[in-house]
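# below is the structure, and that's it, no one-letter string:
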């Protein structure tokens, strides 16, 4: 029994499982899934801002912590901490119940994503160990441009003039910040 008594908690609201659907409960107010998710659409911005702040902290804290430590070992330590934290959140919110429902395609792409993350972290930690964080981070953030291109090509997402101008400005900004 978590913070919702007999109901499941997904980290945002209590969920009462029924045969037809899930009812989301916040306090005494009952919200249908459609109303609940309509309000959650803007939450991505808060999470994105949090991601940016924590990523910035990660870079600075890692540079301080990696001094005199093998970069691969530092990455492994960081990964262990992330692993414990992620699984802690999964169990705290009751998310472990959905593991059996994950399909083969999702498993494949989650594993591939994990391998890409690991490779990225190994490269990143080595780069900040031997280089300046103020030069490494802008180059690392070229991932935004690469992601835009990949999302257009592989996911068939819309590539607008705003995306093009933004990608161009990020690239130019990266060159300006990272150029010796």
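Received the coordinates, thanks. Predicted model only: the values in this text are computed from it and were never measured. Numbers count the residues shown, from 1 in each chain.

# next, find the distance separating the residue nearest to the spatial centre of the chain from residue 57.
Nearest to the geometric centre of the chain sits residue 51, at 7.0 Å (Cα atoms, centre = their mean). In this view, residue 51 and residue 57 are 11 Å apart by Cβ to Cβ, to the nearest Å. For every residue, glycine as well, the C-beta is placed using N, CA and C.

# please enumerate the helices of the chain.
Remark: helices assigned in the chain by DSSP state H are 33-40, 43-65, 71-93, 104-130, 133-140, 143-153, 161-178.

# lowest average confidence across these, which one?
For the helices of the chain, the weakest mean pLDDT is recorded on helix 33-40, namely a mean of 64.

# neighbours around residue 72, how many?
Residues near residue 72, counting by other Cβ atoms under 10 Å, number 13.

# before we move on, what about residue 137?
Using other Cβ under 10 Å: residue 137 sits among 22 other residues.

# how about the contacts made by it?
Contacts for residue 137 (Cβ atoms under 8 Å, 6 or more residues apart in numbering) come out as residue 59.

# for the remainder of this discussion, apply numbering that starts at 48.
All set: I'll call the first residue 48, so the last point we hit is now residue 184.
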